[in-house]
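J.: Build me a model:
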Amino acid sequence: MPTRSPALGRGRRTCRFILALAGIVLVLTPASAAAADPVIAAAGDIACDPKSLSFKGGKGISTECRQKYTSDLLVGAGLSAVLPLGDTQYENGGYRKFLKSYDPSWGRVKTISHPVVGNHEYLTAGAAGYFRYFGAAAGDPDKGYYSFDLGAWHLVALNSNCSQVGGCGPGSPQASWLSQDLATHPEVCTLAYWHHPRFSSGPHGSDPAYSTFWEKLYKAGADVVLNGHDHDYERFAPQMPSGSSDPFFGIREFVVGTGGNSLYAFSTTQANSEVRRSDTFGIVKLTLHPAGYDWQFVPEAGRSFTDSGSTLCH
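T.: Residues are numbered from 1 along each chain as shown. A predicted model of the protein is given here:
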C-alpha cells in the first residue's frame, strides 16, 4: 500500500481493527459496528414551485414535484439527521413558497435537518426565504457555512454560491474557515456537503470552482462529499482533487439531486464515475460507524433502483 506524507493528512490511523483469537484473524468492517450508530439521509433539488402546473396541491406528477414521496422515505425512519443539499425550494426560494411546498413535505423532518444553500435560494435576495425558514440550523446568513459533530464523525456544510460569500478559492474567508475547522476537528471520519459538485456527469458537468474545497478536505483526510445541483444520482470512486483515482486516500463523492423537483439526463461520463441513474427520485442514506460507513440509495415507493456498499474511513 502506498504511504502518504504526514503533510497531507492529520496523522489518522488506518481504520482497520484486527483481532487474533485462537489463531483466527477477524477484521471488523463498518457493517459489524453497533446498531446505535447514527443514520443520516440526504438529497438536493427538492420542492417544486407551488405555482407549477405539476404541483397538483403537493401531489405532483410522475416526473416532477415528487417532494412528498421522497420525504415519505425520511419520516419515521429513525434518522439522526437529514442533509438537504441545496435548491431546497424552487424556483426562487421565497419564504411563502417554502411554507406551501417544502414545509408539508421535507419540513416534516425540519427539526433534524442541517441544510446547505443552493443557487435557486439566492434568486431571492440574500437567500432570505431560506435563512428565515431554517433559522439557526442554516448558519450565519452572511456565510451559510458551518460544521457539527455526529457520533464519531465531523460534518462540514459549505456554501458553494461563491459570489455570495467572498469566493471559494484560496484566501477566501470560507476557505480560511474550512482550513481552521478541519485543523481543530481531527476526527477519524469526515463528511462535507454543499450544492454544486466538483465532479459530475450530469448536464452541469464538473466545476473546478470547488477545487480548493477538495484540496483542503483531501489534505485533511476527509472521506465523503455529498452534492446536488444535477438532478440525478451518481457515485464516484475515491479520487484526488485533480480527478485522478486514489483508492487508498481519495474522497468518495455522491451527487444526489433526486429530492423531487425533476430529473436530468446525463451528459459526458466523467472519470471514476461508478454508478449513474437519472430516472429515479430518492435519497441516499449513510450509516456512520466509528471507523467507516454504509451507503444506500433508497428510491421512492414503486421504484426498484438502489445502490449500496460499505467502506472504511482513512
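J.: so Ala138 sits right up against Ala128, yeah?
T.: No. When contacts are counted by C-beta atoms under 8 Å, Ala138 is not listed as touching Ala128 (11.2 Å). In this view, the C-beta of every residue, glycine as well, is placed from N, C-alpha and C.
J.: Quick one: residues contacting the closest residue to Glu64 other than its chain neighbours.
T.: Excluding its sequence neighbours, the residue lying closest to Glu64 (C-beta to C-beta, 6 or more residues apart in numbering) is Ser54, at 4.0 Å. With contact taken as C-beta atoms under 8 Å, 6 or more residues apart in numbering, Ser54 is in contact with Cys48, Gly60, Ile61, Thr63, Glu64, Cys65.
J.: one step back: so between Ala138 and Ala128, which is more surrounded?
T.: Set side by side, Ala138 and Ala128 show more neighbours around Ala138, with 26 against 15, by other C-beta atoms under 10 Å.
J.: confidence score at that one?
T.: According to the per-residue confidence, Ala138 scores 98 in pLDDT.
J.: can you give me the strands in the stretch 201-314 of the chain?
T.: Here the stretch 201-314 of the chain has its strands, by DSSP state E, counting those that start in this stretch, at 224-227, 233-236, 252-256, 273-277, 282-289, 292-299, 307-312.
J.: So which elements touch the first one?
T.: Put plainly, it is strand 224-227. Under the contact criterion of 3 or more C-beta pairs under 8 Å, 6 or more residues apart in numbering; DSSP states H and E, strand 224-227 touches strand 189-193, strand 252-256.
J.: a markdown table for these, including mean pLDDT and mean neighbour count?
T.: Written out in a markdown table, the entries for the helices and strands packed on strand 224-227 read as follows (pLDDT from 0 to 100; neighbours: other C-beta atoms under 10 Å):
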| stretch | mean pLDDT | mean neighbour count |
| --- | --- | --- |
| strand 189-193 | 98 | 26 |
| strand 252-256 | 99 | 25 |
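J.: closest to Phe305 out of those strands?
T.: With C-beta to C-beta, the closest approach to Phe305 among those belongs to strand 252-256: 12.9 Å.
J.: Counting by contacts, list what the closest one packs against.
T.: With contacts taken as 3+ C-beta pairs under 8 Å, 6+ apart, strand 252-256 sits against strand 39-43, strand 224-227, strand 233-236, strand 282-289.
J.: Select, out of these, the one closest to Lys97.
T.: Nearest to Lys97 among these is strand 39-43 (18.3 Å), distances taken as C-beta to C-beta.
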